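A.B. asks: coords please:
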Amino acid sequence: MFDSLQQRLTSTFDRLCGRGALTEADVDEAMRDIRTALIEADVALPVVKQFVDRVRPRATGADVIRSVTPGQQVVKIVHDALVETLGQESAGLDLGSPPSPILMVGLQGSGKTTTSAKLGLLLQGKEKKRVLMASLDVRRPAAMEQLKILGEQAGVPTLPIVANQTPVDIARRAMAAARVGGYDALILDTAGRQHIDEQLMAEVAAVRDATKPHETILVADSLTGQDAVNIAKSFNERVPLTGIILTRADGDARGGAALSMRSVTGAPIKFLGVGEKLDALEPFHPERVANRILDMGDVVSLVEKAAEVLDKEKAEKLAAKMRKGEFDMNDLAEQLRQMKKMGGMTGVLSLLPGVGKVKDQLAQAGLDDNILTRQEAIISSMTRKERANPDMLNGSRRKRIAAGAGVEVSEVNKLMKMHRSMADVMKAMKKSGGRLPAGLAGIMGGGGMPNLPPGAFGGRR
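C.D. replies: So this is what the prediction gives:
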């Protein structure tokens, strides 16, 4: 997410922070670089101008030029300006009194139907709301059936399909069913088109008038760049938006749509679609996104994700074993599974500060999500006795395990070395009364991490 923009901005700030003092010429050069970076990231031109006009006076002020750390001061100014552009604070859904209608609008192909199911799952799971979904798309083949199937997968009820009804009739029937069924929220998935036309807008406006939605959410594909901003503006003029959901944000290396939409429409971005799975919808936090863009990491989101996906009971059992200095292959396999639940190595590393600088080194070292799958396959090829007692794995056993997992013996040896290092840490913790040993770096030596530059994972703030 935002990889290209992140790389351009961090390289600019590295040059600034490497200088002991800044002149106005240095700041002007940095502003030109920031402007170019924003334009290349598909940020709308008026938003780029507003952003630079907001940053320049603060960055050329006496407090910055005479500061002991002027480069870092400029970084903070840009960070604050990013947060202002993105919307200051996160904005949740305003459901109001039940059944609260949520009108989902957007073009065909933006992921509207899938996002409706994701939102239903989020409201029902995290918010503990009773949710009903209804498809109003009578034009696209199998659109209603698609929402029904997604609803079954998510465990969210959908309105029964009745043929030959208009979108407005379906919306009214959905409102009645939601009232009778005692639902807290009603998600209305409207039809889309390949482009904006009068017929689409009239249909959306008619549904809005019939249901009086508490939320009108635009679902936009972040990969459409500047065009997404024009789409948002057109919808907002006809059916005032209360929020935006950007889909495929995990594949958006530029991030221009996210930076532009708040300024252009005034409607806050409420959620980001960050994957194909139904649980891959996360709340939009402006400050956290600004941190990611500036390669400061997002440790808060990492902790929240860990709290959501990690099994507390299993974690407590593992902690008890660690206190005893025990750590076998079953424990390692469980750690690999937990890592995959958190988004894999890529997902976890993307939320750590400074990782943007070392992505090439991480890729060369082979630190990707495939390594977790291979390591799980290796452990699965072991017998129960071997997993419980890894010391019995001699050369012939390792050859058999490698053949069973479809990997080279060297891969098995690497996994054994990683396990031995982790087991040594557990034993050292037992001896030190549960504290990490001072020589942890030496114990973990040879663990496969690449040679990273000093302070690679250090934040700027």
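A.B. asks: could you list the domains of the protein?
C.D. replies: Listed by automatic domain parsing, the domain ranges of the chain are 3-86, 100-285, 302-443.
A.B. asks: got those domains as TSV, with distance to Asp94 columns?
C.D. replies: C-betas here are computed from N, CA, C, even on glycine. Listed next are these as TSV, based on distance: least, CB to CB, whole Å:
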stretch	distance to Asp94
domain 3-86	19
domain 100-285	6
domain 302-443	22
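A.B. asks: ok, of those, where does mean pLDDT dip lowest?
C.D. replies: Lowest mean pLDDT within the domains of the chain: domain 302-443, a mean of 72.
A.B. asks: to Gly92, which of the domains of the chain lies closest?
C.D. replies: domain 100-285 (6.9 Å; CB to CB).
A.B. asks: ends of the closest one, how far apart?
C.D. replies: In domain 100-285, first residue to last residue: 24 Å (CA to CA, to the nearest Å).
A.B. asks: change the start of the numbering to 31 and stick with it
C.D. replies: Shifting the count to begin at 31 puts that one at domain 130-315.
A.B. asks: chain center to it, what's the gap?
C.D. replies: Relative to its chain's centre, domain 130-315 lies at 19 Å (CA atoms, centre = their mean, to the nearest Å).
A.B. asks: same check, this time on stretch 421-438
C.D. replies: Put simply, stretch 421-438 sits 37 Å off its chain's centre (CA atoms, centre = their mean).
A.B. asks: what's in contact with it?
C.D. replies: With CB atoms under 8 Å, 6 or more residues apart in numbering as the test, stretch 421-438 has contacts from 404, 407-408, 410-412, 415-416, 439, 441-443, 446.
A.B. asks: stretch 194-202 too?
C.D. replies: For stretch 194-202, the external contacting residues (CB under 8 Å, 6+ apart) are 164-168, 189, 192, 203, 218, 220-221, 233, 236-237, 240-241.
A.B. asks: from these, which single one is nearest Ile132?
C.D. replies: Leu218 (6.7 Å).
A.B. asks: can you tell me the helix or strand for that closest one?
C.D. replies: Assigned by DSSP states H and E, Leu218 falls within strand 215-219.
A.B. asks: show me what the following helix or strand past that strand is packed against.
C.D. replies: Scanning forward in sequence from strand 215-219 by DSSP H and E, the next helix or strand is helix 228-241. Packing contacts for helix 228-241, counted by 3 or more CB pairs under 8 Å, 6 or more residues apart in numbering; DSSP states H and E, involve strand 130-135, helix 197-211, strand 215-219, helix 256-268.
A.B. asks: helices and strands around the last one, which ones?
C.D. replies: Identification of packing neighbours for helix 256-268 by 3+ CB pairs under 8 Å, 6+ apart yields helix 228-241, strand 245-251, helix 286-295.
A.B. asks: go through the helices and strands packed on helix 228-241 and pick out the most buried.
C.D. replies: The highest average neighbour count among the helices and strands packed on helix 228-241, using mean count of other CB atoms under 10 Å, belongs to strand 215-219 at a mean of 28.
A.B. asks: which among the helices and strands packed on helix 228-241 is found nearest to Leu180?
C.D. replies: For the helices and strands packed on helix 228-241, distance to Leu180 was read as CB to CB. The smallest value, 9.7 Å, belongs to strand 215-219.
A.B. asks: against which helices or strands is that closest one packed?
C.D. replies: Using 3+ CB pairs under 8 Å, 6+ apart, strand 215-219 sits against strand 130-135, helix 142-155, strand 161-165, helix 197-211, helix 228-241.
A.B. asks: strand partners of it, parallel vs antiparallel please.
C.D. replies: strand 130-135 (parallel), strand 161-165 (parallel) (DSSP bridges).
A.B. asks: run a quick neighbour tally on Ala287.
C.D. replies: Per other CB atoms under 10 Å, the neighbour tally for Ala287 reads 29.
A.B. asks: got the contact list for the most centrally placed residue in the chain?
C.D. replies: The centre of the chain sits closest to Val304, judged by CA atoms, centre = their mean, with a distance of 4.8 Å. Val304 sits next to 31, 279-280, 310-312 when contact means CB under 8 Å, 6+ apart.
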